[in-house]
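S.K.: Test case, fold it:
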Amino acid sequence: MEKTDWKKELIDWIKSFVFCFVFVWLLVTFITQPVQVSGPSMYPTLQDGQLAFTSKISYRLHGVSRYDVVVAYLEAKDEKIVKRVIGLPNETIFCKDGVIYVNDEPLDQDFLDETYVAEETAKYGVFTEDFGPVTLQEDEYFLLGDNRRHSSDSRYFGVFTEDELESVHLWVWFPFSEMKVVK
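M.R.: Sure, this is the predicted structure:
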């Protein structure tokens with residue numbers, strides 16, 4: 001009698017493990033993706049070391065829009081990076097005298113922390129150094145970190161293609177005191 005109970009418990013445990021494994025695999029493959037913020041490139045929007053979940057399903061259903069925070073695969077370093085979408089397909093982006101232009105129109109950057117931008121500008125002269133122009137093709141995106149002077153992004157790595165973008169939006173869940181949604 002004891003052997004049967006032990007075997008039944010083992011089989012139940014294995015079933016539970018397999019169910020959990022399949023559930024988590026489906027979740028991270030099709031719905032969400034865990035990510036850890038690495039470095040200061042998105043400061044002050046995101047902090048180095050924060051843990052977050054991103055939405056793969058929102059990306060698949062709605063794509064990306066300007067100003068979305070995305071996770072992109074950086075093949076050159078075989079890693080995932082978190083950046084903000086600034087330029088969309090078929091646009092021309094450049095920066096002159098610290099102002100970013102998209103199709104010759106100044107870019108509204110309300111998402112940036114004004115105090116931090118002022119501090120960095122006072123320290124370095126400009127918040128965003130001049131670059132471009134860069135003309136994007138049909139499936140290309142121009143990504144920048146919110147901490148422009150301390151970010152390796154499309155200015156350094158080049159544009160990102162649609163298939164290099166993996167997910168959109170972030171839900172920061174750790175540290176608990178910094179929980180928030182970043183869209």
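S.K.: make it CA atoms for all contacts and neighbour counts henceforth
M.R.: OK.
S.K.: so where's the protein uncertain?
M.R.: For the chain, the stretches with pLDDT under 70 are 1-4.
S.K.: those helices in it, which residues are they?
M.R.: Assigned helices in the chain, in chain order: 2-26, 56-62, 114-124, 154-157 (criterion: DSSP state H).
S.K.: can I get those in JSON lines with mean neighbour count?
M.R.: Formatted as JSON lines, those follow (neighbours: other Cα atoms under 10 Å):
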{"stretch": "helix 2-26", "mean neighbour count": "11"}
{"stretch": "helix 56-62", "mean neighbour count": "15"}
{"stretch": "helix 114-124", "mean neighbour count": "13"}
{"stretch": "helix 154-157", "mean neighbour count": "15"}
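S.K.: Can you say which of those is nearest to V168?
M.R.: With Cα to Cα as the criterion, V168 lies closest to helix 56-62 of the helices of the chain, at 5.6 Å.
S.K.: Around the nearest residue in space to Q50 that is not next to it in sequence, how many other residues sit close by?
M.R.: Spatial nearest neighbour of Q50, excluding adjacent residues (Cα to Cα, 6 or more residues apart in numbering): V37 at 5.3 Å. Neighbourhood size, V37 [other Cα atoms under 10 Å]: 20.
S.K.: Okay, the nearest residue to T161 once chain neighbours are set aside and I86: tell me how far apart.
M.R.: Computed as Cα to Cα, 6+ apart, the closest residue to T161 that is not its neighbour in sequence is E140, at 4.4 Å. In this view, E140 and I86 are 11 Å apart by Cα to Cα, to the nearest Å.
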